[in-house]
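**Q** A predicted structure for the sequence below; I have some questions about it.
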Protein chains: 2
Amino acid sequence: MVTAREVARRAGVSQPTVSRVVAGHPSVGPEIRERVLAAMRETGYRPNAAARAMRTGASGNVGVVTARLHNPMYPELLQLLGRALRGAGLRMMVWNADETEGEFALDAALQGMVDGLIFTSANSDSAHLGEALAGRVPVVLINRLVEGWPTDQITSDNRTGGALVADYFLHGGRSRPALLSGPLLPSTIRDREAGFRAGLVAAGIGDPPTARVARFTYDEAFAALSRLLAEGASPDAVFCTNDLLGLGGLDALRAAGRRVPEDAWVVGYDDIPMAAWRSFDLTTVRQPFEEMVRCAVDLLLRRLGGDVAGPASLCLPAELVLRGSSGRPAGPGAA
Amino acid sequence: MVTAREVARRAGVSQPTVSRVVAGHPSVGPEIRERVLAAMRETGYRPNAAARAMRTGASGNVGVVTARLHNPMYPELLQLLGRALRGAGLRMMVWNADETEGEFALDAALQGMVDGLIFTSANSDSAHLGEALAGRVPVVLINRLVEGWPTDQITSDNRTGGALVADYFLHGGRSRPALLSGPLLPSTIRDREAGFRAGLVAAGIGDPPTARVARFTYDEAFAALSRLLAEGASPDAVFCTNDLLGLGGLDALRAAGRRVPEDAWVVGYDDIPMAAWRSFDLTTVRQPFEEMVRCAVDLLLRRLGGDVAGPASLCLPAELVLRGSSGRPAGPGAA
């Protein structure tokens, strides 16, 4: 069994330096790091991750649990998180929880592979997981909230975002709004719908005709709105509760011969990069992802530093971004 | 220090069952698994990942190194890989190597966190990594190849794919083809271009006017092709060496007032789901991702099972998928 001492001797460095390289500590320069890694390869040294974690109290890894990678919002969020964590000297390991509900992340935390966890798409039915993790490693939820989770949570103001869209429709003289949405399990979707409906009700407009998908995909959004239109609905504005639904909804309107924005406005939610693409030019409510990510990583670092204050809950403001799908006039100053 | 025996006693199962749960073995039913996890939580048991890996020879984890998550091809590939690995009883951990060149994956392999590695976007300048890893854990490259890596490699026939596009243009009477491409570091791009150019040369057509981006993004593709058009190029067909470039190229043509497909055909590469969206309806060369993923996981499993035969190199066939951007007539049988 090769020891760290042997690696240190061969690399001509101290044993703590070897430990720092193994932990991915940012204080080690690239040349020293390369020498230590070379010595590790030559000797076949395999540091014991869990034992090291218990000794130093830190693996240097942060686990990010994501889902629904077909929604470009999540890859975008992953890239921002990876960059912010790297900036803090931490390494991101990603689990895709589409079918496994984050159990693997729980295993990793129990095994000491990660120092903390960030969830981007938690649901209320993952609640048992939150309890299990609380008090073991720091957990931060970003984007979606789960009521009752004893963890730090960061979101943007989805309820006000939905209300902004209702206001925008009403001030634009839209009198026949429709809704294109999905399952209400995610807090984001519930809040966006609630804000939108409340805004319509306050203006004396009743429940909008609603097309609801079972899964948040372009294909289901296209089919659901096409069905609603075929059944005779004639909306002059459609609020889609995320941008991926917005892209499918926009194409469904066009396929049905409705002109966007002349016959119907379309507004999405999130402001994924694709919303700004020329083929879509989608008006949307922007989530401030960069700031949300910065807050999430800051909170995590404070927890890793030993901060044991009660769970923090941050809600950042949302903002309407006007584009062609709601008739935003092109020209100087157009977004 | 809590032992596995204590967890087993509390959960009312045998000690090997606890080990199987810890390793994520698929043979354990959900009820037993839940009981063991509960006992682990109650006792605060932390299995030692590295020690366990050395004892059993398997962590149950496979590391996937990816990059460029803004290209929808990579999230798509990740979802397929995750599903296939899960089907084989293995867990996927993802590293995004955009800025780190996969060094973290090397660390994880050295630390015994993963039993094997899959790279989706290796470049020839990652070559030292391949050498470092060879012989430690099994490594499989999928999508891109790197000459000289002593590892299993799986790709599709990008050279023939490029040649198919040249043939398709020529048989469709296109006499002024252009190329929209990017850096030649990835083997995929090199091979697609080489096949396309060879096809043109064989037909007596010289080098096509070329717009080349520095990074594979929609925005750069839009800008690069717009510039080529503004400089006077008037292509009647544009080959874009991946679909993301194809979407940007398509929008650039439309923005310049060129009708697609009447004035110019556009053909992409990969067949990402978005290519079939109504706003794009992009003719493209399909990479058989599902089959590539199946082969990659099969190879990895054989290596994990002790197969020490020399590195395998698989090249699956590519296929042209005709859609509206090249005037594929709509109607019954249209793709």
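**A** Thanks, I have it.
**Q** how far away is the spatially most central residue of chain A from chain B?
**A** Centroid check for chain A by C-alpha atoms, centre = their mean gives A:Thr120 as the closest residue, at 4.4 Å. Here A:Thr120 is placed at a distance of 13 Å from chain B (C-beta to the nearest C-beta, to the nearest Å). Every C-beta, even on glycine, is put in place using the N, C-alpha and C of the backbone.
**Q** Show the contacting residues for that residue.
**A** A:64-67, A:74, A:77-78, A:81, A:142-144 (C-beta atoms under 8 Å, 6 or more residues apart in numbering or on different chains).
**Q** Throw those into a markdown table and include secondary structure, thanks.
**A** Output for these, formatted as a markdown table (DSSP: H, G, I helix; E, B strand; the rest coil):
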| residue | secondary structure |
| --- | --- |
| A:Val64 | strand |
| A:Val65 | strand |
| A:Thr66 | strand |
| A:Ala67 | coil |
| A:Tyr74 | helix |
| A:Leu77 | helix |
| A:Leu78 | helix |
| A:Leu81 | helix |
| A:Ile142 | strand |
| A:Asn143 | coil |
| A:Arg144 | coil |
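**Q** between those, which is nearest B:Ala11?
**A** A:Val65 (24.9 Å; C-beta to C-beta).
**Q** is it true that that closest one touches A:Val114?
**A** No. Assessed by C-beta atoms under 8 Å, A:Val65 is found out of contact with A:Val114, at 10.3 Å.
**Q** Neighbour count: those two, which is higher?
**A** Higher neighbour count among A:Val65 and A:Val114: A:Val65, with 27 against 24, using other C-beta atoms under 10 Å in any protein chain shown.
**Q** hmm, who's touching stretch A:201-211?
**A** Contacts with stretch A:201-211, where a contact means C-beta under 8 Å, 6+ apart, come from A:166, A:170, A:175, A:177-181, A:196-197, A:200, A:221, A:224-225, A:227-228, A:233, A:235, A:239, A:249.
**Q** Buried ones among those residues?
**A** Among those, those buried by neighbour count (16 or more other C-beta atoms under 10 Å in any protein chain shown) are A:166, A:170, A:177-181, A:196-197, A:200, A:221, A:224-225, A:228, A:233, A:235, A:239, A:249.
**Q** Now stretch A:146-161: average pLDDT?
**A** For stretch A:146-161, mean pLDDT rounds to 92.
**Q** any idea which helix or strand of chain A has the worst average confidence?
**A** Ranked by mean pLDDT, DSSP states H and E, the helix or strand of chain A with the weakest confidence is helix A:49-56, at a mean of 44.
**Q** Show me where chain A has its helices.
**A** Along chain A, counting by DSSP state H, helices occupy A:4-11, A:15-22, A:30-43, A:49-56, A:73-87, A:103-110, A:127-133, A:158-171, A:187-202, A:218-230, A:243-255, A:289-304.
**Q** and those as TSV, adding distance to B:Met40?
**A** Shown next, in TSV, are those (distance: least, C-beta to C-beta, whole Å):
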stretch	distance to B:Met40
helix A:4-11	29
helix A:15-22	26
helix A:30-43	31
helix A:49-56	14
helix A:73-87	27
helix A:103-110	6
helix A:127-133	9
helix A:158-171	35
helix A:187-202	29
helix A:218-230	38
helix A:243-255	37
helix A:289-304	22
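**Q** and among those helices, the most buried is which?
**A** Stretch with highest mean neighbour count among those: helix A:243-255 (a mean of 26; mean count of other C-beta atoms under 10 Å in any protein chain shown).
**Q** Restrict the contacts of A:Thr120 to those that also contact chain B, please.
**A** Checking the contacts of A:Thr120 against chain B by C-beta under 8 Å from any C-beta of the partner chain, the ones in range are A:74, A:78.
**Q** quick one: contacts for A:Ser313?
**A** A:Ser313 makes contacts with A:145, A:152-154, as judged by C-beta under 8 Å, 6+ apart.
**Q** looking at the helices of chain A, which has the lowest confidence?
**A** helix A:49-56 (a mean of 44).
**Q** picking up where we left off before, which one of the helices of chain A lies closest to B:Val308?
**A** helix A:30-43 (19.6 Å).
**Q** For the closest one, name the packing helices and strands.
**A** Helices and strands touching helix A:30-43, as assessed by 3 or more C-beta pairs under 8 Å, 6 or more residues apart in numbering or on different chains; DSSP states H and E, comprise helix A:4-11, helix A:15-22, helix B:103-110.
**Q** Swap in 10 Å and give it another go.
**A** helix A:4-11, helix A:15-22, helix B:103-110, helix B:127-133 (3 or more C-beta pairs under 10 Å, 6 or more residues apart in numbering or on different chains; DSSP states H and E).
**Q** Would you mind getting the angle between it and helix A:4-11?
**A** Using axes from the mean of the first three to the mean of the last three C-alpha atoms, to 10 degrees, the inter-axis angle of helix A:30-43 relative to helix A:4-11 is 120 degrees.
**Q** any idea of the angle helix A:30-43 forms with helix A:15-22?
**A** Put simply, helix A:30-43 runs at 90 degrees to helix A:15-22, going by the same axes, to 10 degrees.
**Q** possible to save the contacts of A:Thr120 as CSV with distance to A:Arg20?
**A** Converted to CSV, these look like this (distance: C-beta to C-beta, whole Å):
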residue, distance to A:Arg20
A:Val64, 24
A:Val65, 28
A:Thr66, 29
A:Ala67, 34
A:Tyr74, 33
A:Leu77, 30
A:Leu78, 27
A:Leu81, 24
A:Ile142, 29
A:Asn143, 33
A:Arg144, 36
